[in-house]
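> Below: sequence and its predicted model.
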Amino acid sequence: MFRSRYFYLMEVVFIRGKRAGFIKEPLINFHKREIIGFKISSYDFIQKSINVMKEDIISFEENMVVKNTSGGEHLSFKELHGMDIIDISGNMVGMLEDVLFFENSFKIVAVIVSSGLINNFLHGKRILLIEELLLGDRNILWVKNNENIKFASMPHKVIGKEGGCH
Amino acid sequence: MAAIKELTFLLIISFIISYSMKPILNILLNLGVNKKISSVLIISIIILLLVSCITLIIPSILKESVSFQRGINDLETLIDSLYMKLKPISENKAIYTALNNINDKINGTVVNLMESIFQFTMNIGGFLISIAVIPIISYYFLVDGQIIGNKFFNVFPVKCRKLIKRIWVDIDRVLGKYIASQFYLCLIIGVLTFIVLMLLKIQFPIFLSLLNAFMNIIPYFGPIFGAIPCVLTAMLISPKIALWTAFWLYLIQQMEGNILSPKITGDSINMHPLVVIILLIIGGKIGGFCGMILAIPIGVILFVIYEDINYYIF
């Protein structure tokens, strides 16, 4: 599974090797709960920023190889990043920090919520399933389905560790 | 101690040069040119630029600095005439003292500036041989950057090397874009300022455009620091010319800030303007002018390290 930072400033190149730009942020369809593409900062002087849609991506590792780029306005991750998440009682759960999505389908599974620097280290970052979230204008509403299961990403030793989530 | 200082200076300068030339190297590599040939080509161009700088720009700067005194005198006359104009309006001592202070300040600043330029030139002369090594070190950084980098990572224990390499890749992405873009922006600003100053027939165009280009590295404050000497020099001709200079320099800055900078840096430095200003103030307090130049790159490095640790630890 990926987090958005995996794609941070990743170079985007066309099949023939021409550089298109670098990734700025993912584009999200919150209703369909998926990453629909990426907003890229173009090297072309005329175009300010362009998008590369999911279906145009051929492969990605160090660089992303794409067939085509396109224009258009979509909901970007930047607009969601830092948004407050509240539960039905109006209590603040935390701030949306990142999204977790599948490698192949780019379907979003969950969001990572930060509840404060110290709190994150003490209790970990909350992980909320996307199907339990409703996007509003100012906040995201968390509708708890199951009280008994609680997901969290705990701080772990990074030195000498291999693998894990990207 | 002095040797270590000199060596560090050489390595840092060579690293910055090779680092900023990396995009050009990549372009040449993509065109199918051999890495060694590309590096030699880039270094040759740098040497050529450096030599032309020494043979063309430095003598003209010195020539300009000779006529600097005349410029200062003109400026003083201008301030005096301003005082004479103001005299009938208010005959108090406050204005006289203020104008006197301005005179002293300008004199002091110029003397200090010239002193530091001469001091810098003398220092350069002191380790001219060391400077001659810079292109060679830069060449090796360009050709064997990967190998040198790997050797450098040997300093760290094996356990944390992978993490450090990952963080380095991210810093490299952000910092590489920042340094290279600053070079290109300085070049563009320098050329445009030179054209404007030449067209408006203002004295010391080379010196002033170099100063403005260099100051441009500092966000927000830099363009003001760079534009003030240009406008003051233009005042020697006429206030109208000074206004035109201010207008054109403002236009150049607007073009740079709104069109070129977002395009060239490509929003790679995702920092809030407030953070940038705070960093500049801290940098200025700690290291003066150099601190202000280095504040943003250091801030970017720290920000990337924090973001990466925050990413990998959870």
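Thanks, I have it. Keep in mind it's a predicted model, so treat the numbers as computed, not measured.
> Not counting sequence-adjacent ones, nearest residue to the residue nearest in space to the middle of chain B?
Central residue of chain B (C-alpha atoms, centre = their mean): B:Phe214, 3.1 Å from the mean position. Leaving aside its sequence neighbours, B:Phe214 sits nearest to B:Cys186 (C-beta to C-beta, 6 or more residues apart in numbering or on different chains; 6.8 Å). Backbone N, C-alpha and C define where each C-beta goes, glycine included.
> so that neighbour is in which element?
Using DSSP states H and E, B:Cys186 sits in helix B:158-199.
> just checking, next helix/strand downstream of that helix?
With secondary structure assigned by DSSP H and E, helix B:158-199 is succeeded by helix B:205-215.
> which stretches of chain A form strands?
A:2-3, A:11-14, A:19-29, A:34-42, A:49-53, A:57-60, A:63-66, A:84-87, A:92-101, A:108-114, A:125-129, A:133-135, A:139-142, A:151-153 (DSSP state E).
> Export those strands to a markdown table and append columns for distance to chain B.
Formatted as a markdown table, the strands of chain A follow (distance: least, C-beta to the nearest C-beta, whole Å):
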| stretch | distance to chain B |
| --- | --- |
| strand A:2-3 | 7 |
| strand A:11-14 | 9 |
| strand A:19-29 | 6 |
| strand A:34-42 | 4 |
| strand A:49-53 | 8 |
| strand A:57-60 | 15 |
| strand A:63-66 | 11 |
| strand A:84-87 | 17 |
| strand A:92-101 | 8 |
| strand A:108-114 | 7 |
| strand A:125-129 | 5 |
| strand A:133-135 | 19 |
| strand A:139-142 | 19 |
| strand A:151-153 | 5 |
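> any idea how far B:Leu11 is from B:Val174?
Distance of B:Val174 to B:Leu11, given as C-beta to C-beta, to the nearest Å: 21 Å.
> and stretch A:27-47, which residues are buried?
Under the neighbour-count criterion of 16 or more other C-beta atoms under 10 Å in any protein chain shown, stretch A:27-47 has A:27-28, A:30, A:33-43 buried.
> Between which two of these is the distance greatest?
A:Arg33 and A:Tyr43 (31.7 Å; C-beta to C-beta).
> The helix holding B:Cys186 - contacts with which helices or strands?
helix B:2-30, helix B:145-153, helix B:205-215, helix B:221-235, helix B:239-255, helix B:261-265, helix B:273-313 (3 or more C-beta pairs under 8 Å, 6 or more residues apart in numbering or on different chains; DSSP states H and E).
> Longest helix of chain A, counting residues only.
Counting by DSSP state H, the longest helix found in chain A is helix A:117-123.
> Could you pull up the mean pLDDT of that helix?
Helix A:117-123 shows a mean pLDDT of 87.
> how distant is that helix from the center of its chain?
21 Å (C-alpha atoms, centre = their mean, to the nearest Å).
> Contacts for that helix next, please.
A:114-115, A:152, A:155, B:314 (C-beta atoms under 8 Å, 6 or more residues apart in numbering or on different chains).
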